[in-house]
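Predicted model follows, preceded by the sequence.
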Amino acid sequence: MNKNDMIIDINDMIIDIEKKYEDECLIARKIPLAPLPPPDQFRHMLSSALVASRMTEEGRPIKLRLVYEQNPSQFGNIYLGFSVAVDCSPQNFTKLAPAFDFGDCALVLSLSDKNEIEIQGILKEQRSYRNRLRREAYCAQPHPSQKRSNQTGLAIRVESAGVLSLSVGTNVPFITMQDTGETIVQKYISSLFPKDLNSYLLNAFPQTNVMIKKGLRLQALDYLLTEIGQRGHGATLLIVPPDAKKPADELHYATRSFNENLPLCLDGDIEHTEPEIVAHLNFLAQLATVDGALVLTDEFELIGFAAKLRVLPVDYVYQGNKPVNIDAFGMRHNSGAGFASACEGAFVFVISADGPLSVFYRPKNCERVQYWHTPLLLP
């Protein structure tokens, strides 16, 4: 079957993949067809793989191979099962990616008892297993020991950023999926933050006609906040828009940007800039551990760090229309809320030492400071 290059919308693509999957298996005839995951879990698996394809591990593009098999025990001694299954997420794919730099390993995915797709373990010799299946399929009189209920499952390989190849039975892809970011990344980033906060963030980032660039900015923000949280220090991150109206004495910069060439350059070729982006975000996360606030522009350019906020406190912040008394908050949260009140359009992210994230933001032409509290940074 010829390889097809396609710009995908996951919802429309599932049916097409299922049809090509069945056709590919029927070509071999004797290779039993393993059922694909339910559509919602199939979408989750493909979306997670596509988002992971755009991430890096320590600045390096990830290599990733996945095999969907509902009965991993059939692999025998070439299967290393996890004692506890792992969530099928871009973060876990990226974390496990170093295992695929060399050799012929693949992550094995299957459905849990709750009918949710999970990473069950590692297949140590993917090619050997698939070659054996192919030999058995075309063998005229297979050995009695080979008469089994084994079924060949779907294999997915990350080819490059936004590109997956799908194969079954052989190592030859029957379809290649391409995503520009208009579909998959946009759907994924909407889950990084609460829906209304996500909307504010998308509107606040510099205008661009290419949604993936806004999406990557949200991924970068999510990465930065997570890196700060994992360092175990409490921290405050300010993202200040260039047109914000700020009282002259509200912010004391402990230092100014010592390199104006350190913005997050997401408007270029992402494949060439990702290592620099990751290095820059790790650098910023380290600066955030210094006592005081880390201050960035909406392009992630460093304005200052260890900044002292000099603002008047506020009595209430709002979760939607519900007022929340801020008296019970700590000093870092109080100063963050005060800064958000004084600096229209600025986002204030307060990361607690134990992980949870608080966000303060006063929309333009609004007197109320909006407040969100989320366990986004919890392990």
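It's in. Numbers count the residues shown, from 1 in each chain.

all contacts plus neighbour counts: C-alpha atoms, from now on.
Noted.

the helices in this structure, which residues?
10-28, 39-53, 90-96, 126-138, 184-189, 195-204, 211-230, 270-287, 331-342 (DSSP state H).

Mind pulling the model confidence for Q319?
pLDDT for Q319: 87.

For it, give its distance to L238.
The gap separating Q319 from L238 is 20 Å, by Cα to Cα, to the nearest Å.

So what's the residue count around Q91?
17 (other Cα atoms under 10 Å).

Touching, it and V51? I think so.
No. If you go by Cα atoms under 8 Å, Q91 and V51 don't touch, sitting 9.2 Å apart.

Which one of Q319 and L238 is surrounded by more residues?
L238 (25 against 15).

Contacts only, for that one.
If you count contacts by Cα atoms under 8 Å, 6 or more residues apart in numbering, L238 has them with A293, L294, V295, L296, A346, F347, V348, F349.

hmm, back to that, mind telling me which of the helices of the chain the model trusts least?
Among these, helix 184-189 carries the lowest mean pLDDT, at a mean of 46.

Would you mind giving the domain segments of this protein?
5-178, 194-374 (automatic domain parsing).

what about the last one, how long is it end to end?
One end of domain 194-374 sits 8 Å from the other (Cα to Cα).

Just the ones of the contacts of L238 in strands?
Counted as lying in strands by DSSP state E, out of these, are A293, L294, V295, L296, F347, V348, F349.

Identify, from these, the entry nearest to N365.
F347 (15.0 Å; Cα to Cα).

My read is that that closest one contacts V359, right?
Yes. Between F347 and V359 there is a contact under Cα under 8 Å: 7.0 Å.

what about the two, which has more around it?
For F347 versus V359, neighbours defined as other Cα under 10 Å are more numerous around F347 (26 against 23).

which residues does the more buried one contact?
F347 sits next to L238, I239, V240, A340, V359, F360, Y361, R362 when contact means Cα under 8 Å, 6+ apart.

so which of those residues is the most crowded?
A340 (29 neighbours).

Next, find the distance separating the closest residue to that one other than its chain neighbours from R231.
Spatially, and ignoring its direct neighbours in sequence, A340 is nearest to Y361 (5.4 Å; Cα to Cα, 6 or more residues apart in numbering). Separation of Y361 from R231 (Cα to Cα) stands at 24 Å.

Equivalent analysis for P194, please.
Taking Cα to Cα, one finds P194 at 23 Å from R231.

Of these two, which one has the most company?
Taking neighbours as other Cα under 10 Å, P194 and R231 compare with R231 leading, 16 against 13.

Quick one, grab the pLDDT at the more buried one.
The model's pLDDT for R231 equals 81.

And V84, by the same measure?
85.

What count of nearby residues applies to it?
With other Cα under 10 Å as criterion, V84 counts 10.

With L164 instead?
L164: 22 neighbours (other Cα under 10 Å).

Test my guess that it contacts L66.
No. Contact criterion Cα under 8 Å: L164 and L66 do not qualify, at 10.5 Å.

Contacts only, for L64.
F93, A97, F100, A106, L107, R157, V158.

likewise A99?
A99 neighbours (Cα under 8 Å, 6+ apart): C105.

if I look at it, how far off is V108?
For A99 relative to V108 (Cα to Cα), the value is 13 Å.

V350 too?
37 Å.

Distance of the residue nearest to A340 relative to P38?
39 Å.

R332 now?
Taking Cα to Cα, one finds R332 at 45 Å from P38.

More neighbours: those two, which one.
Using other Cα under 10 Å, the more surrounded residue of R332 and P38 is R332, with 18 against 14.

Now do the same contact list for that one.
So R332 contacts T236, V350 (Cα under 8 Å, 6+ apart).

now do Q120
P72, G81, F82, V84, A85, V86, L107, V108, L109, S110.

how about a cut-off of 7 Å?
For Q120, the contact set (Cα atoms under 7 Å, 6 or more residues apart in numbering) comprises G81, F82, A85, V86, V108, L109, S110.
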